[in-house]
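Q: Test case, fold it:
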Amino acid sequence: MTPTATDNLKSNLGETGAHLKQAAGAAGDAIKGVAAAAGDEAKLGKAQVKAELADGALSGIAALESAGAASMEQVDVLMDKGRDLIESASDLIRERPLASFGMAFAAGWIIAKLARSGDK
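A: Got it, this is the predicted structure:
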């Protein structure tokens, strides 16, 4: 089973969080290294922070790309549900046309009454 766009979005957001957590850890290590060691340690820590932030940015971009596809998946699901609802209403109208007409007439009458009472 291939992963859906929603699954990809969740995966990319999880990876983004992991990279940001690692970046924070690398930043903390860099600060400790500066206090304990020479400038070389600070340069290495800075490079690690930059690398993790870059990886986090790439994961965030991938998550945003997946978000669009995930949104389209959800719209498609809603559209299918709407079509199913319309089909079931059509079937009901075909099965019981008089009852459907009566209900439509009653609903129209109630709406007209409510509209007229609002004019006063």
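Q: Mind pulling up the pLDDT for Ile111?
A: As predicted, Ile111 sits at a pLDDT of 90.
Q: got it, and the one 5 residues further on?
A: You'll see Arg116 listed with a pLDDT of 87.
Q: Next, find the distance separating it from Ile110.
A: Distance, Arg116 to Ile110, using C-beta to C-beta, to the nearest Å: 11 Å. Using the backbone N, CA and C atoms, a C-beta is placed for each residue, glycine as well.
Q: what does Ala27 give?
A: Ala27 sits 66 Å away from Ile110, taking C-beta to C-beta as the criterion.
Q: now Ala51
A: Using C-beta to C-beta, Ala51 is found at 67 Å from Ile110.
Q: quick revisit: who's more crowded, Ala27 and Ile110?
A: Regarding Ala27 and Ile110, a neighbour count based on other C-beta atoms under 10 Å identifies Ala27 as having more, with 16 against 10.
Q: The more buried one: which element?
A: Taking DSSP states H and E as the criterion, Ala27 maps to helix 5-36.
Q: Same question for that helix: list its buried residues.
A: When neighbours are counted by 16 or more other C-beta atoms under 10 Å, the buried residues of helix 5-36 are found to be 5, 8-9, 12-13, 15-16, 19-20, 22-23, 26-27, 30, 33.
Q: One more: stretch 109-120?
A: Residues of stretch 109-120 classed as buried: none (neighbour count, 16+ other C-beta under 10 Å).
Q: Does anything pack onto the helix with the most length in the chain? Which helices or strands?
A: Residue-count comparison of every helix in the chain, with assignments taken from DSSP state H, identifies helix 39-95 as the longest. Contacting helix 39-95 under the criterion 3 or more C-beta pairs under 8 Å, 6 or more residues apart in numbering; DSSP states H and E are the following elements: helix 5-36.
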